[in-house]
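# how would this look folded up:
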Amino acid sequence: MQFSTLPLSPSILRAIASEEYTVATPVQAQSIPHVLAGRDLLASAQTGTGKTAAFALPILHHLSTEMAKPTPLGVGHATKHHPRALILCPTRELATQIADAFKTYGKNLHIRTTIIFGGVSQHHQVQSLRRGTDVLIATPGRFLDLINQRILDLHEIQFLVLDEADRMLDMGFINDIRKIVAKLPAKRQTLLFSATMPPEIRQLATSLLKNPATVQVASVTCTADNIDQSVYHVDRASKADLLAHLYKTLPITRAIVFTKTKHGADRVVRNLHARGIRSEAIHGNKSQNARERALNNFRNNKLPILVATDIASRGIDVDNITHVVNYDVTHEPETYIHRIGRTARAGAAGCAISLVDREEMSNLRAIERLLKRKITVRKADHPASNIAPAEHRRDADRATEHHPRSGQHPRSNDHEQSNAHPRSGHAKHQPPKATHPLHRNGRPARHDNAQASTPHSRPHSKSPSPHRPFGSKTSSTRQGSRGRKARQQRG
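Here you go, the predicted model:
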């Protein structure tokens, strides 16, 4: 569908044309008419398909149309100082990306946009609110703080958008979202957009909507067809060496490397620097200025590698990312889809590489179950990648248990031997296991060989120790009349 065929205002269409966009993506073509018609919306589409424009364009159209209506103060002065659209998203990076989209598509309109997120002083954000704004783009935590300070006036909100709705609800923001929704007018239009929508999240999200239209462009288990996905089996200690080798040999020109922890991201950066590879990390412990500087350096080709936690897997919109590397394989299969969605955007090709150690095999299998296919296993020309997959290694470990080792006998013989009485003449020639044989009265009798094998026993000798009376108590055995009688019978 051509953008020119959508019933959008001429000012917005000119802005779209200036960005050289002509054809709407499927999620845009299906969502925009519903939003323009005033319906609530639940939309699911894979990452990189233009979900931001799918809600930004119709909201800008509604706001610009309303501002064009005459009021007692004149055209363009309707509810000037109070926000009319609220977009909530999980991360600061995504909030900044959404704000840039609103400014790009609304550059021919007199619509003000304000970003609200934590990690920085609220001073400038409060000043922007006091000057008046039309669109608020916020993360839930800081937004709720400003509500509690009674800085925000939300009585004229007409649009509520939850972007990356599944992540918002899954990250524990549900209570904050409920508190925010309770402050909004009951008469509003609510839109939920996300790359994935698991059934339980869908049920929870639907409770916020009224008779919503549903748009599902691609299955939540889908990844872009132009992403080449591969797996390298590697020991955890060798991951840094293999990553440096792949960077130099593939080659990797612009990559995002994902780790599961903040300290892990910093560690990867140090390891890459030690190998002469420039990189920076972004995660929750970094200041907003440091995160913006790292993103700008990465966007401007000053950094070949950006190392990030999953906080950045939603909201990084950088062109021409050639590779996504899962340094740590996530235990959430849906997060894997979001990670690799950073590459192969806007129809370009890309590669997704997963470095899988033995403990991450279960995570890999869960991802393959969601994708309903196996991911290609590759080997690099590097010793770190020349190990067998974890499943094969476990098979090898189990196989070695059935072969005699130096000075030992197979386990099967141990079990057979334990079924024979140690003093029986029918016992096999292998020495018995170090266990106490049962005496006739059902109690364990003392066995010198077994006692010698325990850590708290004294060494075997032919005569009692001169320092301890025969039959005295030890830490592990009580010597009584029954014990002496048993030794006499054996002797």
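
# Number of residues surrounding His110?
Using other C-beta atoms under 10 Å, His110 is surrounded by 12 other residues. All C-beta atoms are positioned from the backbone trio N, CA, C, and that covers glycine.

# Same check on the one 3 residues further on?
One way to gauge burial is a neighbour count; for Thr113, by other C-beta under 10 Å, it gives 20.

# isn't it right next to Ala101, touching?
No - Thr113 lies out of contact with Ala101 (C-beta atoms under 8 Å); the separation is 9.6 Å.

# Next, show the common contact partners of those two.
Residues touching both Thr113 and Ala101 (C-beta atoms under 8 Å, 6 or more residues apart in numbering): there are none.

# lowest confidence element among the helices and strands of this structure?
When each helix and strand of the chain is scored by mean pLDDT, DSSP states H and E, helix 411-418 comes last, with a mean of 38.

# What strands flank the helix or strand hosting Cys351, and is each parallel or antiparallel?
Using DSSP states H and E, the element containing Cys351 is strand 350-356. Here strand 350-356 is paired, per DSSP bridges, with strand 227-233 (parallel), strand 323-326 (parallel).

# Show me what counts as buried in the helix or strand following that strand.
Downstream of strand 350-356, the next assigned helix or strand under DSSP H and E is helix 361-371. Residues of helix 361-371 classed as buried by neighbour count (16 or more other C-beta atoms under 10 Å): 361, 363-364, 366-368, 370-371.

# Could you tell me the angle between helix 361-371 and strand 350-356?
With axes from the mean of the first three to the mean of the last three C-alpha atoms, to 10 degrees defining the directions, helix 361-371 sits at 150 degrees from strand 350-356.

# helices or strands up against helix 361-371?
helix 333-340, strand 350-356 (3 or more C-beta pairs under 8 Å, 6 or more residues apart in numbering; DSSP states H and E).

# which of the ones you listed has the lowest average pLDDT?
Lowest mean pLDDT within the helices and strands packed on helix 361-371: helix 333-340, at a mean of 86.

# Give me every residue in contact with it, excluding its own residues.
For helix 333-340, the surrounding residues in contact (C-beta under 8 Å, 6+ apart) are 46-47, 166-167, 195-196, 198, 220-223, 227, 229, 256, 258, 310, 313-314, 324, 326, 329-330, 350, 352, 366-367, 369-371.

# Just want the angle from that helix to strand 350-356.
Using the same axes, to 10 degrees: helix 333-340 against strand 350-356 is 130 degrees.

# For helix 333-340, C-alpha coordinates in PDB please.
Listed in PDB are the C-alpha atoms of helix 333-340, where the atom choice follows Å, rounded to 0.1, in the frame of the first residue of the first chain:
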ATOM      1  CA  PRO A 333      13.200 -17.500  23.500                       C
ATOM      2  CA  GLU A 334      11.200 -14.400  22.700                       C
ATOM      3  CA  THR A 335      14.100 -12.200  23.800                       C
ATOM      4  CA  TYR A 336      16.200 -14.000  21.200                       C
ATOM      5  CA  ILE A 337      13.800 -12.800  18.500                       C
ATOM      6  CA  HIS A 338      14.200  -9.200  19.800                       C
ATOM      7  CA  ARG A 339      18.000  -9.500  19.900                       C
ATOM      8  CA  ILE A 340      18.500 -10.700  16.400                       C
END
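
# Now tabulate the helices and strands packed on helix 361-371 in JSON lines and tack on distance to His124 and mean neighbour count.
Shown next, in JSON lines, are those (distance: least, C-beta to C-beta, whole Å; neighbours: other C-beta atoms under 10 Å):
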{"stretch": "helix 333-340", "distance to His124": "30", "mean neighbour count": "24"}
{"stretch": "strand 350-356", "distance to His124": "36", "mean neighbour count": "24"}
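
# picking up where we left off before, contacts for the strand holding Cys351?
In contact with strand 350-356 (C-beta under 8 Å, 6+ apart) are residues 223-224, 226-234, 239, 242-243, 246, 250, 321-327, 329, 339-340, 343-344, 363-364, 375, 389-390.

# Buried among the residues you listed? Make that a ChimeraX selection.
Remark: buried members of these, expressed as a ChimeraX selection using 16+ other C-beta under 10 Å:
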select :223,224,227,229,231,232,233,234,239,242,243,246,321,322,323,324,325,326,327,329,339,340,343,344,363,364,375,390
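
# Okay, now the unreliable bits of the stretch 251-400 of the chain?
Within the stretch 251-400 of the chain, the stretches with pLDDT under 70 are 312-315, 346, 386-400.
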